[in-house]
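Student: Output the structure for:
(one chain, ligands or ions: 2)
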Amino acid sequence: MAGSGSAQERLNRTVGLIAEGLKADVCSCYVLRAGEVLELFATKGLLDSAVHATRLRVGEGLVGLIAAQARPMAFADAQNHPSFVFRPETGEEIYHSLMGVPILRGGRVIGVLVVQNKTSRAYTDEEIETLETVAMVQAELVAGGLVPKEEQIAIDGNALLPLRIEGVRLNAGIAIGQAFIHRSQISVQRLVAEDSESELPRFKEALSSLHSQLDALLNSADMEAGGEHRDVIETYRMFAQDAGWIGRIAEAIQGGLTAEAAVQKVHDDTRARMSQVSDPYIRERLLDFEDLANRLIQHLSGRAGVALNLPDDTILIARTLGPAELLDYDRKKLKGLVLEEGSPTMHAAIIARALEIPVIGRAEGVLTRIEPMDQVIVDGDSNQIFVRPGEDIVTAFRGTALLRAERIRSYAAEKDLPTVTIDGTEVNLFVNAGLLADLKFLESSGALGVGLYRTEIPFMARHELPDVETQTQIYGKIYEMAQGKPVVFRTLDVGGDKVLPYWNGAPEENPAMGWRSIRITLDRPAVLRQQLRALIRAAQGRDLSIMFPMIADVSEMDKARDLLDRELARECARGAPKPMRLRVGTMLEVPALAFQLDALLERVDFISVGSNDLVQFLFASDRGNPRLSDRYDTLAPSVLVFLKRLVEACRNRNVTLSLCGEMGGQPIDAMALIGIGFRNLSMQVPAIGPVRRMVRSLDLGALEAYLAGLLTRPDRSLRLQLKAYARDHGVDIG
Ligand code: PEP
Ligand code: MG
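Tutor: Ligands and ions are numbered 1, 2, ... in the order given. Next up is the predicted model:
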């Protein structure tokens, strides 16, 4: 259809052919230009003088609406639609009906194709579909040279200059390498099937080879049972068997498209719909479908499994990435990942964490601003990337990366040294874990055990609530990996910023203070009981420590404890061995609980301070609000006084107290906590080494004496004083 000549000439010809084919009086093609503007590029039926003159913003008029919503629309009476805008220069007032479809490429709207008729007429579904198919051809024309490449560069005037782009950390760490642009989009050459009979069998064959490939991936050596890796790919394989998805593709093939074009069409529809969906879980699942579509096209084109020519130090740049796509890349070469989209719960981010690859997400415009082989620094520690950085920046980061590696090595060498202060006080360090990957480093960190196992993390990596058996397996795996070291299992702590994909809670004004954590599980006791049952079963008679999160008053603790007792009785009656030692505790995250300590301490074996939540509630200061991030400090006298009282109460009643929020992993904060009496701290794995080193260089007696006079000060924070103290007294705070 395209024929020869310049892209513009071909476009002019095509609009004529479409108008003729669809018996329309007008056919126009609008192309998206820099600045979110749709420009009339070619028309049959409107005034020629309007071409390259008529421009609409995305969202303006019916054409703008189609682009904004990325879906086809048809209007029998277009002129009376509230979004209709009148453009006299086009001479369009005599056309009553309008049908338009977005021109999509790679899931992005790059233009709009419109037909209009003088009479008021309803367009049929078939006509809409035809126009959509034609728009796929237009997409190649529009993207393939119609808009000058300079324009894309003009969008970002500094395209070839060094850039720093901020994003969101999806995994920490530093990586330096060359950009490899992930192109999931394989352009489909043949759209309409010459022999439609053979397309369906081709599709089925490709589908079955896709299924076998996923099975092989699942059976590969590094897919540990119970691992998040495996869950993600299992979910993904389930999607690959989704009858709705397969059915839609088969339908499109029956409508005359080639198998590739049908996959592409269903994929484009999904992608366009996705731009309308704000629910992060649904968006992520749609991403899995996108990944599958690309993979299926590879199978259809015989390009599945073809090795990519990757730079030795690859920084992968992608709009987004499916979990299996990430695993396709050679792990030895893959050093970092940068995504235009992405969220911490996306499957690829979970896998990247397990593979220890630094990841920055929501890095705006990276696909247009980074060229293949550009040098890129991923700074996962400071939420940024550097593109084409100057030599000085590269040198600085190489230094930082080396230092980081060196420090990690030197901490590892100290793992067996006792965590004891100079004056002989022992401090117990534990790790916070959620992914199996965290457990892998338990041994090499030298930590005593897991002080906080966040059970919600494996829940978040799944597509549905794991049943008792699955949970038993997960917790069993944790026991196994902990190799006899103690683990504190915290019951499901979801809500707030931790969204469980399959639980559609109503949006809340104030999620941090909303229906979350123990509030949910006490309102849904079956969920909590199942989890407790799985924990008892997984313990197989070994010690079991259970911790309830977000307890705000003692009655909640009693209710949770009652459910635990009932589950224990039930399991024992069924012959399960009783845990050798059962320890039950609570997080202290809600200040009110600290005012019921007498009653609380009678009931619990241990308390763990969740300082992330506690501090935000103490100051009534949202921990996620950047405008408040520097306003209050964890080392405020009020926080330390509050915690010191807690230490004393727990000591008097012989109840173990620990702290498992982020502050425990900051050497300077940890120093203050030890100074006020904490002896148990739980933190992220990488913090263990630095905190141990701090403890070993600390004279606790001297610090206690210094702190005694400090806590009554009116200061906003004691951080400066404590830092000065550390410096002057040779305490290694890194
Ligand atoms: C906390 O609030 O300090 C805590 C450890 O829990 P989370 O960060 O999982 O909310
Ligand atoms: Mg918390």
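Student: Hmm, Ile546 is touching Gln531, no?
Tutor: No - because the distance of 9.3 Å does not satisfy Cβ atoms under 8 Å, Ile546 is recorded as not touching Gln531. (Each C-beta comes from the backbone N, C-alpha and C, glycine too.)
Student: Next, show the common contact partners of those two.
Tutor: Thr491 (Cβ atoms under 8 Å, 6 or more residues apart in numbering).
Student: So which bits of the stretch 601-734 of the chain are right by ligand 1?
Tutor: Gly610, Ser611, Asn612, Asp613, Cys660, Gly661 (Cβ under 6 Å from any ligand atom).
Student: Of these, just the buried ones, ChimeraX syntax please.
Tutor: In ChimeraX syntax, the buried subset of those is picked out as below (16 or more other Cβ atoms under 10 Å):
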select :610,611,613,660,661
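Student: and Ala122, which of the three is it?
Tutor: Following DSSP: H, G, I helix; E, B strand; the rest coil, we place Ala122 in the coil state.
Student: Check the gap between the residue nearest to it when sequence neighbours are not counted and Ala70 for me.
Tutor: Excluding the flanking residues, the one nearest Ala122 by Cβ to Cβ, 6 or more residues apart in numbering is Ala76, at 4.8 Å. Distance of Ala76 to Ala70, computed by Cβ to Cβ, to the nearest Å: 22 Å.
Student: Looking at those two, which is more packed in?
Tutor: Ala70 (22 against 16; other Cβ atoms under 10 Å).
Student: now, which of the residues of the stretch 601-734 of the chain next to ligand 1 lie close to ligand 2?
Tutor: Gly610, Asp613 (Cβ under 5 Å from the ion).
Student: Including pLDDT and distance to Thr470, could the residues of the stretch 601-734 of the chain next to ligand 1 go into TSV?
Tutor: Converted to TSV, these look like this (pLDDT from 0 to 100; distance: Cβ to Cβ, whole Å):
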residue	pLDDT	distance to Thr470
Gly610	96	26
Ser611	94	31
Asn612	89	28
Asp613	92	28
Cys660	96	25
Gly661	91	29
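Student: could the residues of the stretch 601-734 of the chain next to ligand 1 go into a markdown table alongside distance to Gly434 and secondary structure?
Tutor: A markdown table is the format used below for these (distance: Cβ to Cβ, whole Å; DSSP: H, G, I helix; E, B strand; the rest coil):
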| residue | distance to Gly434 | secondary structure |
| --- | --- | --- |
| Gly610 | 14 | coil |
| Ser611 | 17 | helix |
| Asn612 | 14 | helix |
| Asp613 | 16 | helix |
| Cys660 | 12 | coil |
| Gly661 | 14 | coil |
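Student: Could you identify the most distant pair in the residues of the stretch 601-734 of the chain next to ligand 1?
Tutor: Checked with Cβ to Cβ, those reach their widest spread between Asp613 and Cys660, with 10.8 Å between them.
Student: what sits in contact with each of the two?
Tutor: Met587.
Student: list the contacts for whatever residue of the stretch 451-600 of the chain ends up closest to ligand 1?
Tutor: The nearest approach of the stretch 451-600 of the chain to ligand 1 comes at Glu589, 5.1 Å away (Cβ to the nearest ligand atom). Counting by Cβ under 8 Å, 6+ apart, Glu589 touches Pro549, Met550, Ile551, Val609, Gly610, Asn612, Asp613, Leu614, Phe617.
Student: One more pass at 6 Å, please.
Tutor: Met550, Gly610, Asp613, Leu614 (Cβ atoms under 6 Å, 6 or more residues apart in numbering).
Student: Quick check: residues of the protein near ligand 1?
Tutor: Checking the chain against ligand 1 by Cβ under 6 Å from any ligand atom, the hits are Leu452, Arg454, Asp493, Glu589, Gly610, Ser611, Asn612, Asp613, Cys660, Gly661.
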